[in-house]
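Colleague: sequence first, predicted model second:
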Amino acid sequence: MKYLDEFQNPELARRLLGEIRATVTRPWALMEVCGGQTHTIIRHGIDQLLPEEVELIHGPGCPVCVTPLAVIDQALEIAARPEVIFCSFGDMLRVPGTDRDLFRVRGEGGDVRVVYSPLDALKIAQQNPHREVVFFGIGFETTAPPNAMTVYQARKLGIGNFSMLVSHVRVPPAIEAIMTSSSCRVQGFLAAGHVCSVMGTDEYPALADRFRVPIVVTGFEPLDILEGIRRTVRQLERGEHTVDNAYPRAVRPDGNPAARAMLADVFEVTDRSWRGIGTIPASGWRLSDRYRDHDAEHRFSVGGITTREPAACRSGEVLQGLIKPHECEAFGTTCTPRTPLGATMVSSEGACAAYYLYRRLGSTPIPLEATPVV
Amino acid sequence: MCLAVPGKVMEIEERDGTRMATVDFGGVVKEVCLEYVPDLVVGDYAIVHVGFALQRLDEESARRTLELFEELGLLQEEFGDPWEAAAAEEAMQAQEARK
């Protein structure tokens, strides 16, 4: 799209920054929900360009980071079985379980494969009818529809050797959990644009109203982030709290109805544990009973695993916006992307990894002029 | 993994009853399932995540958003408080100098 690269235009960024400066009169704390937004913010130094009254708090929107340790351990146990081909997105390989990760399992002889799409895993199942193929189905509302479609197709095509270990999470209950926490400082949300491209904005007005908090649907380019901030600050300064869509080129009010219908067919809402945060009611999806034959947790009976989190890791506080990554004692010392204690340092979308990549190594933020066009 | 990225639809075909496309992500070409945005045609842009198109990218909305950004600056120059603008400019320069 010829307009796409213009969303990184430094001149327009300066105008938006000027507008934010002209609007803000007192301190405000905004949370960007999605880890992709965190990376844009840190990569371009947007947090440093903002007036000091505007503080950005990094939210829990990194699926790799919030997948609970028990589910990682379940994945490791299944992946180690000789009859299994275990398929996963690449960024799950190094996420530490209680005592190893998927890389280690592969090193010890497990057949662990990285796929780009869940449909690739389904293809592997078709090509290997005598093996059990398991896909690690994690992620937010953006990843859930592809995974739902894959399970649907497995059933439609009668591929009996395909199952999915499902640990999907939903954003709105996480916003509710953050707002009801006694230590919450968040006054406005930059909602995750791609989640809304699937789910639309229907779930947000009740939250905005109940917590009197502006929620602005925000994209991922530098100008999208600045525009999200501008609109949120404007609402806060005016005492408003509405849902506003600042990413209309990808988000319709009703999202993607076909994807939502598939989600409703394949999954059902369940309570989910979030790594570092704890259980949030109705915050996840599991496979509905109709698709139980394709549920790896059921097929491999991997319930009842005991887990042990590293005591030094404070990723839970990072994920709730209570501390910044560099305020953790282990950050950059015993915890680095090569030797991660927690998932927030492993994931390419994790807040700790963003701080380590763009700050800790002494690099200055990438100026808007020098950004590559996606 | 969670990052959905924009791509351009290059070719479309039915495969095993599923609508699939070849999509160009600025030089990297991937196979993408179109079942969730079935009305995409060759030349359209879409937000794609883990091999699935999730939403059409609307060029008209993109253009309108950019026009708004342009307008904001112009309006501010036209009607804004010149002292405030000068102070903001100064703050920006001081911040850049500190980097």
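Modeller: Ah, there it is.
Colleague: wait, what's in contact with the residue in chain B that chain A sits nearest to?
Modeller: Closest approach of chain B to chain A (CB to the nearest CB) occurs at B:Gly51, with a separation of 2.6 Å. For glycine as for every other residue, the C-beta is placed from the backbone atoms N, C-alpha and C. Going by CB atoms under 8 Å, 6 or more residues apart in numbering or on different chains, B:Gly51 touches A:Tyr116, A:Ser117, A:Pro118, A:Leu119, A:Asp120, A:Pro146, B:Lys30, B:Glu31, B:Val32, B:Cys33.
Colleague: looking at those residues, state which has the most neighbours.
Modeller: Using other CB atoms under 10 Å in any protein chain shown as the neighbour test, the contacts of B:Gly51 are led by A:Pro118, with 28 neighbours.
Colleague: how about it, nearest residue that isn't a chain neighbour?
Modeller: A:Thr150 (3.9 Å; CB to CB, 6 or more residues apart in numbering or on different chains).
Colleague: pretty sure the one you found sits against A:Leu122.
Modeller: Yes - with contact defined as CB atoms under 8 Å, A:Thr150 counts as touching A:Leu122 (5.4 Å).
Colleague: what touches both of these two?
Modeller: A:Phe135.
Colleague: neighbour count for the two, which is higher?
Modeller: The neighbour count for A:Thr150 versus A:Leu122, taken as other CB under 10 Å, is higher for A:Thr150 (28 against 23).
Colleague: give me phi/psi at that one?
Modeller: Torsion angles at A:Thr150 (phi, psi; degrees, to the nearest 10) stand at phi -70, psi -40.
Colleague: same thing with A:Phe220?
Modeller: Residue torsions, per degrees, to the nearest 10, at A:Phe220 are phi -120, psi -10.
Colleague: identify the residue spatially nearest to it, adjacent ones excluded.
Modeller: That would be A:Gly36: by CB to CB, 6+ apart, it lies 5.2 Å from A:Phe220.
Colleague: what's the burial count for the one you found?
Modeller: 23.
Colleague: try B:Glu11
Modeller: B:Glu11: 12 neighbours (other CB under 10 Å).
Colleague: so it is in which element?
Modeller: In the assignment (DSSP states H and E), B:Glu11 maps to strand B:5-15.
Colleague: okay, now the sheet partners of that strand, with direction.
Modeller: strand B:18-25 (antiparallel), strand B:45-49 (antiparallel) (DSSP bridges).
Colleague: would you indicate which residues of it are buried?
Modeller: B:Val5, B:Pro6, B:Gly7, B:Lys8, B:Val9, B:Ile12 (16 or more other CB atoms under 10 Å in any protein chain shown).
Colleague: how about residues contacting it?
Modeller: Contacts of strand B:5-15 (CB under 8 Å, 6+ apart): A:1, A:4, A:374, B:19-25, B:29-30, B:32, B:34, B:40-49, B:53, B:57.
Colleague: before we move on, the earlier item: residues touching the residue nearest to A:Pro118, list them.
Modeller: A:Thr150 neighbours (CB under 8 Å, 6+ apart): A:Pro118, A:Leu119, A:Ala121, A:Leu122, A:Phe135, A:Met164.
Colleague: and the two most separated of these?
Modeller: Using CB to CB, those span at most 12.2 Å, a distance reached by A:Leu119 and A:Met164.
Colleague: elements contacting the longest strand anywhere in chain A?
Modeller: Longest strand in chain A by number of residues (criterion: DSSP state E): strand A:278-287. If you count contacts as 3 or more CB pairs under 8 Å, 6 or more residues apart in numbering or on different chains; DSSP states H and E, strand A:278-287 packs onto strand A:162-169, helix A:171-180, strand A:267-274.
Colleague: may I have it as PDB, with CA atoms only?
Modeller: This file holds the C-alpha atoms of strand A:278-287, laid out as PDB (Å, rounded to 0.1, in the frame of the first residue of the first chain):
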ATOM      1  CA  GLY A 278      -2.600 -15.700  38.100                       C
ATOM      2  CA  THR A 279      -6.100 -17.000  37.200                       C
ATOM      3  CA  ILE A 280      -8.400 -14.500  35.500                       C
ATOM      4  CA  PRO A 281     -12.100 -15.600  35.300                       C
ATOM      5  CA  ALA A 282     -13.400 -16.200  31.800                       C
ATOM      6  CA  SER A 283     -10.200 -14.900  30.300                       C
ATOM      7  CA  GLY A 284      -9.500 -17.800  27.900                       C
ATOM      8  CA  TRP A 285     -10.700 -20.300  25.400                       C
ATOM      9  CA  ARG A 286     -10.600 -24.000  25.300                       C
ATOM     10  CA  LEU A 287     -11.800 -26.500  22.700                       C
END
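Colleague: in a markdown table: the contacts of B:Gly51, plus secondary structure and distance to A:Val233.
Modeller: What follows is the contacts of B:Gly51, written out as a markdown table (DSSP: H, G, I helix; E, B strand; the rest coil; distance: CB to CB, whole Å):
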| residue | secondary structure | distance to A:Val233 |
| --- | --- | --- |
| A:Tyr116 | coil | 38 |
| A:Ser117 | coil | 38 |
| A:Pro118 | helix | 39 |
| A:Leu119 | helix | 42 |
| A:Asp120 | helix | 43 |
| A:Pro146 | helix | 35 |
| B:Lys30 | strand | 38 |
| B:Glu31 | strand | 42 |
| B:Val32 | strand | 37 |
| B:Cys33 | strand | 39 |
